[in-house]
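Novice: A predicted structure for the sequence below; I have some questions about it.
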Amino acid sequence: MLANWKKRGFPLNRRQAVFAMLLCLVLAVNAVPALRASALYLITDGEATTAVELAEPVTADKLIVVGAVDGSAELRFEGGHKVTVTHGTDAVQYATTRTNETADALLKRMGISVGPMEMVKVDVSEPEIFIEIAASFTYYETLTEPAEHATVYTKSYKVPKGETQVWQQGMDGTREVVYEVVYADGELVSRQAVAEQNNTSVTEYAYVGTLVKEAQAGDTIASVVKNSDGSGYLLMQSGDALHFTGSMEVKCTAYTTGYDGVGTITATGTTVARGCVAVDKSVIPLGTTMFITSGSYTYGMSHAEDTGVRGAKIDLFMDTYNECIQFGRRNSVAYFLD
């Protein structure tokens with residue numbers, strides 16, 4: 001169908017020229033200098049179509065090859081191929097190619113004149129050549145592009161907050177992107193991606209940590225994950241998580257300063273404040289960090305800093321005497337934190 005391509009004596013075979021490279025050609029209908037090319041060739045091999053617009057004028061017998069160093073290449077047809085030409089609303093015309101005949105010469109022989117803002121589309125995907133001349137074309141091209149891998153994140157209470165732990169490595173790949181390309185009056189109107197297929201990238205999977213050392217003020221327990229050895233995790237309403245090494249059921253009471261001779265300095269030398277609790281140091285060592293709940297009531301983060309109780313009991317410091325009275329004595333659970 002295509003006899004040969006010539007470029008300063010450097011021969012290109014037909015498959016290289018058309019089917020592999022998908023060369024784009026531009027045809028000017030006259031030799032008068034202009035600000036832009038007066039016609040555009042779109043070449044397709046049945047799988048993809050490519051278009052190019054020239055920024056400088058060309059002569060009627062010169063065809064431009066995309067990627068060429070200069071514009072000295074020519075497209076010539078093999079002889080004996082049927083040609084079907086559609087020109088806008090005009091009737092379909094038929095002809096047979098002559099050996100080494102250029103596309104420009106073929107159209108002139110058929111008496112077809114390409115308007116200044118019209119475009120020429122040449123389809124060589126079949127033995128028969130199809131040429132369409134119109135003021136606008138919509139076509140689709142598929143390009144292979146790099147595809148970055150996606151990452152799926154899952155929260156994990158076993159990973160420290162602020163850290164990410166990859167458990168399945170991702171890998172970049174390629175993807176085929178289908179573009180809808182619209183030309184009108186010799187101008188590129190739009191080019192947008194309309195579909196994607198055959199993405200070869202591998203998705204990465206990673207854990208996002210929620211494990212913290214201390215709960216936020218006012219945070220409460222949403223659920224408890226307990227291991228067979230008694231350790232586990234407190235999953236908080238905020239989304240954070242606390243790790244505990246063990247737990248104990250205790251009786252809790254409450255105290256405050258100014259009553260029953262209670263001062264402001266604890267047995268460990270710290271100043272009393274909410275979160276300071278009194279324990280039996282033979283049961284719960286001083287310095288132990290806990291999270292304490294009493295049914296629906298959450299006392300929260302606690303530190304064993306004071307003494308004065310015996311056995312499995314904990315005395316919780318409250319800011320006011322009224323809070324102490326309201327709390328009374330309650331069955332509670334103390335979770336021992338790292």
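Specialist: That came in fine, so what should we check first?
Novice: from now on I want contacts and neighbour counts done on CA atoms only, so please keep to that.
Specialist: Fine.
Novice: what strand or helix carries A105?
Specialist: Element membership for A105, per DSSP states H and E: helix 103-109.
Novice: and the next helix or strand past that helix?
Specialist: Note on helix 103-109: by DSSP H and E, the next helix or strand toward the C-terminus is strand 119-123.
Novice: so what does the helix or strand following that following strand touch, helix or strand wise?
Specialist: Going down the chain from strand 119-123, the next helix or strand is strand 129-134, by DSSP H and E. When contacts are defined as 3 or more C-alpha pairs under 8 Å, 6 or more residues apart in numbering; DSSP states H and E, strand 129-134 packs onto strand 82-87, strand 119-123.
Novice: what helices or strands is the helix holding A105 leaning on?
Specialist: strand 73-77.
Novice: ok, back up a step: for D185, which of the helices and strands packed on strand 129-134 is the nearest?
Specialist: When the helices and strands packed on strand 129-134 are compared by C-alpha to C-alpha, strand 119-123 sits nearest D185, at 7.6 Å.
Novice: could you list the paired strands of the closest one along with their orientation?
Specialist: With DSSP bridges as the test, strand 119-123 is paired with strand 41-44 (parallel), strand 129-134 (antiparallel).
Novice: just the CA trace of it, in PDB.
Specialist: Coordinates of each C-alpha in strand 119-123 appear next as PDB, following Å, rounded to 0.1, in the frame of the first residue of the first chain:
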ATOM      1  CA  MET A 119      -8.200  18.100   7.800                       C
ATOM      2  CA  VAL A 120      -7.300  14.900   6.000                       C
ATOM      3  CA  LYS A 121      -7.500  11.500   7.800                       C
ATOM      4  CA  VAL A 122      -5.800   8.600   6.100                       C
ATOM      5  CA  ASP A 123      -6.600   5.100   7.200                       C
END
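Novice: what angle do it and strand 82-87 make?
Specialist: 150 degrees (axes from the mean of the first three to the mean of the last three C-alpha atoms, to 10 degrees).
Novice: quick one: buried residues of strand 119-123?
Specialist: Neighbour-count burial for strand 119-123 flags M119, V120, K121, V122, D123 (criterion: 16 or more other C-alpha atoms under 10 Å).
Novice: for these, which one is nearest E187?
Specialist: Using C-alpha to C-alpha, the shortest approach to E187 within the buried residues of strand 119-123 belongs to M119, at 9.5 Å.
Novice: pretty sure the closest one sits against I131.
Specialist: No - contact criterion C-alpha atoms under 8 Å: M119 and I131 do not qualify, at 10.3 Å.
Novice: can you show me the helices along the chain?
Specialist: Remark: helices assigned in the chain by DSSP state H are 14, 103-109, 321-327.
Novice: list the buried residues for the helix holding A105?
Specialist: For helix 103-109, by 16+ other C-alpha under 10 Å, it's A103, D104, A105, L106.
Novice: redo the residues you listed as CSV? Include distance to G209.
Specialist: Listed next are the buried residues of helix 103-109 as CSV, based on distance: C-alpha to C-alpha, whole Å:
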residue, distance to G209
A103, 65
D104, 67
A105, 71
L106, 70
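Novice: between the residues you listed, which is nearest R274?
Specialist: For these, the nearest to R274 is A103 (90.5 Å; C-alpha to C-alpha).
Novice: quick check: the gap between the closest one and A95.
Specialist: 12 Å (C-alpha to C-alpha, to the nearest Å).
Novice: what do you get for M301?
Specialist: Relative to A95, and taking C-alpha to C-alpha, M301 is found at 91 Å.
Novice: of these two, which one has the most company?
Specialist: M301 (22 against 16; other C-alpha atoms under 10 Å).
Novice: pairing partners for that one in the sheet, please.
Specialist: Listed by DSSP bridges, the beta-bridge partners for M301 are F291.
Novice: now do the one 5 residues further on
Specialist: Listed by DSSP bridges, the beta-bridge partners for D306 are A278.
Novice: shouldn't it be in contact with A267?
Specialist: Yes - using C-alpha under 8 Å, D306 is in contact with A267, at 4.8 Å.
Novice: what about the two, which has more around it?
Specialist: More neighbours surround D306 than the other of D306 and A267, with 26 against 14 (other C-alpha under 10 Å).
Novice: check contacts around the more buried one.
Specialist: If you count contacts by C-alpha atoms under 8 Å, 6 or more residues apart in numbering, D306 has them with T266, A267, T268, C276, V277, A278, V279, L286.
Novice: from those residues, pick the one nearest E180.
Specialist: C276 (68.5 Å).
Novice: so who does the closest one touch?
Specialist: Counted by C-alpha under 8 Å, 6+ apart, C276 has contacts S302, H303, A304, E305, D306, L316, F317.
Novice: could you break the protein into its assigned domains?
Specialist: Following automatic domain parsing, one gets these domains for the chain: 2-134, 143-180+194-209, 217-337.
Novice: for the first one, give the mean pLDDT please.
Specialist: Mean pLDDT, computed over domain 2-134, is 56.
Novice: swap in the shortest one?
Specialist: Summarised as a single mean, pLDDT over domain 143-180+194-209 is 96.
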